[in-house]
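> Prediction below, plus the sequence it came from.
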Amino acid sequence: MVSAAVAVLLVASNMAAPAMQTKAGTIGAISPALCKDMRIHKVLTSKAPVGCNRLSLVTFPYFGFDGRVHGDGEIVVMDAAAKHVVGIFSRLAEMRFPIAKAKLMNQYDGNDDASMADDNTSAFNARKIVGGSSISLHAYGLAIDINPVQNPFVTRSGTSLKFDPPAGIAYANRVNDRPWKKARPGMAESAIDVFADGGFLIWGGYWSDPIDYQHFQVGRRLAEELARLPPAPAASAFDAVVQRYRACRAGSAHASRTECVASSTPGGRPDF
């Protein structure tokens with residue numbers, strides 16, 4: 001059940017087509033106006049593996065760091081995952097997991113550095129992975145970055161570490177139960193199970209270099225498969241991954257998250 005504070009019926013963005021509305025949020029098609037705006041602001045390019053016809057606008061309420069409910073959360077994700085993304089943000093709101101803001105990448109001209117510096121939670125952005133040539137899982141609408149300041153992107157250079165955004169260095173110590181120190185809400189560690197339960201099985205905080213604390217995604221092979229499939233079969237395929245993972249976690253053996261991520265993924269290990 002969604003808590004009373006979160007059970008708010010949201011109205012879709014005025015740039016979106018009529019939306020499927022739930023107590024936890026809305027799922028709407030990408031309207032021609034929004035699609036055009038995404039292209040103008042370099043969020044959607046000709047190299048994107050999916051177009052506006054395979055994307056959904058998810059609008060949701062969230063708890064802010066001010067302890068209040070905000071009804072203006074917006075992200076764009078692949079249509080196949082949209083209902084599970086609504087579920088993820090509903091669970092986070094129930095947990096009172098704070099989110100600084102969630103604005104469309106259009107407002108940052110697709111600039112990931114600008115979005116991170118603004119502590120913006122985001123999803124779709126047709127770009128390459130940072131420091132590489134491969135297309136990012138964000139370009140499929142199948143990766144979500146949450147609270148980038150509290151969960152920075154960390155790279156190594158010899159014995160030195162670089163934090164992006166720079167303000168994220170305050171969160172280099174990932175322990176939140178620190179004697180005589182105030183708790184630092186909004187860190188991704190408490191949300192790992194929530195994202196995994198919604199099909200985003202891979203957390204960048206487990207990586208060695210870079211360490212991407214803000215980042216949750218699906219496996220690359222799954223993303224490519226979902227992009228090839230028509231919408232209904234793609235949604236069914238994503239649902240199947242979610243159900244396999246949930247069944248594993250609910251099994252009598254009480255399997256660990258790692259074991260269930262492996263058993264829910266072709267080949268027994270997610271490919272990034």
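In hand now; what should we look at?

> which strands and helices sit next to the helix ranked longest in the chain?
Longest helix in the chain by number of residues, with DSSP state H as the criterion: helix 231-250. Helix 231-250 is packed against helix 82-94, helix 192-197, helix 220-228, helix 257-263, with contacts defined by 3 or more C-beta pairs under 8 Å, 6 or more residues apart in numbering; DSSP states H and E. Backbone N, C-alpha and C define where each C-beta goes, glycine included.

> Compare the ones you listed and give me the one nearest Y140.
Nearest to Y140, of all those, is helix 220-228, at 4.3 Å by C-beta to C-beta.

> helices or strands up against that closest one?
strand 69-78, helix 231-250.

> Redo these as TSV? Include distance to N147.
TSV is the format used below for the helices and strands packed on helix 220-228 (distance: least, C-beta to C-beta, whole Å):
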stretch	distance to N147
strand 69-78	12
helix 231-250	23
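
> Give the residue spans of the stretch 1-150 of the chain that score low on pLDDT.
Segments of the stretch 1-150 of the chain classed as low confidence (criterion: pLDDT under 70) are 1-23, 130-133.

> just the strands in it please.
Counting by DSSP state E, counting those that start in this stretch, the segments of the stretch 1-150 of the chain that form strands are 19-22, 25-29, 55-63, 69-78, 143-145.

> got a list of contacts for the last one?
Just to be clear, that refers to strand 143-145. Contact partners of strand 143-145, identified using C-beta atoms under 8 Å, 6 or more residues apart in numbering, comprise 75, 77, 85, 88, 115-116, 121-123, 136-138, 151, 195, 200, 214-218.

> What about those, which are in helices?
Residues of those located in helices (DSSP H): 85, 88, 115-116, 195.

> Pull out the buried residues from those residues.
85, 88, 115-116, 195 (16 or more other C-beta atoms under 10 Å).

> need the residues you listed in JSON lines with distance to L161, can you?
JSON lines is the format used below for these (distance: C-beta to C-beta, whole Å):
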{"residue": "V85", "distance to L161": "31"}
{"residue": "I88", "distance to L161": "29"}
{"residue": "S115", "distance to L161": "21"}
{"residue": "M116", "distance to L161": "16"}
{"residue": "F195", "distance to L161": "24"}
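
> of those, closest to G251?
Out of those, the member with the shortest distance to G251 (by C-beta to C-beta) is F195, at 20.0 Å.

> separation between the closest one and A81?
According to C-beta to C-beta, to the nearest Å, F195 and A81 sit 11 Å apart.

> A102 now?
16 Å.

> now P233
14 Å.

> These two: which is more packed in?
Per other C-beta atoms under 10 Å, whichever of P233 and A81 has more neighbours is A81, with 29 against 13.
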